[in-house]
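**Q** output the structure for:
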Amino acid sequence: MDESPLVPTGPRSQINVRARGPAVARVAARLSIPALSAPNRFVATPLGDCLWLGPEEWLLVGPPSSRAETLDALERAVGPEDGGVVDLSSSRVLFELQGPKARDVLASCCALDLHPRVFAPGQCAQTLVAKAPVLLSQVDEAPTYRLFVRPSLAAYVVSWLVDGIEGVRAESGQV
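**A** Numbers count the residues shown, from 1 in each chain. Here you go, the predicted model:
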């Protein structure tokens, strides 16, 4: 197979939102969605994907061209008393792992149960890939996974994924 199943996605705006009380509804309204994503889920919004990170915490991932406007809008929605908004755009690099054997590749270095009945499109989790912390989301049923990795650990994680790709190719002839 000539096309690599592991590709960098390019820069993305990454804005961390902590909101409580009435700010949660204000942030959802600012994102033009009925509610912020539920635990271990993400939801597409007009400004990007909104991933649940923990109680009262979300990550908005969108195009870098609208980062400043989005940051400003979310800061106004949260307000000074109900949480905080922080630009984390440089804190993680993003990769996509895709193809019919992508789940097998991840299984070679990630203990998270990725069976389709357990982890499906629209879900996300903070987990370990080869002992490195990552934020993982499943984008579609292909499956395509998006991995958010700290820049200092990116080469390490990629080397593990490449080894997994080579192992799966050796076993099945495809990824």
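
**Q** skipping its backbone neighbours, what lies nearest S89 in space?
**A** Q14 (4.8 Å; CB to CB, 6 or more residues apart in numbering). Yep, even glycine has a C-beta here, placed from its N, CA and C like the rest.

**Q** show the average pLDDT along stretch 35-55.
**A** The average pLDDT within stretch 35-55 is 96.

**Q** quick one: contacts of the top helix by length along the chain?
**A** Determined from DSSP state H, the single longest helix within the chain is helix 154-172. Helix 154-172 is contacted from outside by 1, 5-6, 93, 95, 97, 101, 104-106, 108-109, 129-130, 132, 134, 147, 149, 174-175, using CB atoms under 8 Å, 6 or more residues apart in numbering.

**Q** and the residue nearest to S89, what element?
**A** strand 13-19 (DSSP states H and E).

**Q** residues contacting that strand, please?
**A** By CB under 8 Å, 6+ apart, strand 13-19 touches 26-27, 36, 48, 53, 56-64, 66-67, 70-71, 74, 77-78, 82-89, 91-92, 148.

**Q** which SS class is L128?
**A** Three-state assignment for L128 (DSSP: H, G, I helix; E, B strand; the rest coil): strand.

**Q** and the one 10 residues further on, by the same measure?
**A** The three-state label given to Q138 by three-state DSSP is strand.

**Q** list the buried residues for stretch 102-114?
**A** Of the residues in stretch 102-114, 102-110, 112, 114 count as buried by neighbour count, 16 or more other CB atoms under 10 Å.

**Q** with distance to A154, pLDDT and secondary structure added, can I get the residues you listed in TSV?
**A** Output for the buried residues of stretch 102-114, formatted as TSV (distance: CB to CB, whole Å; pLDDT from 0 to 100; DSSP: H, G, I helix; E, B strand; the rest coil):
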residue	distance to A154	pLDDT	secondary structure
A102	18	96	helix
R103	21	96	helix
D104	22	95	helix
V105	16	96	helix
L106	16	97	helix
A107	20	95	helix
S108	18	95	coil
C109	14	96	coil
C110	16	97	coil
L112	19	97	coil
L114	21	96	coil
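
**Q** domain parsing for this structure?
**A** According to automatic domain parsing, the chain comprises the domains 12-87, 91-172.
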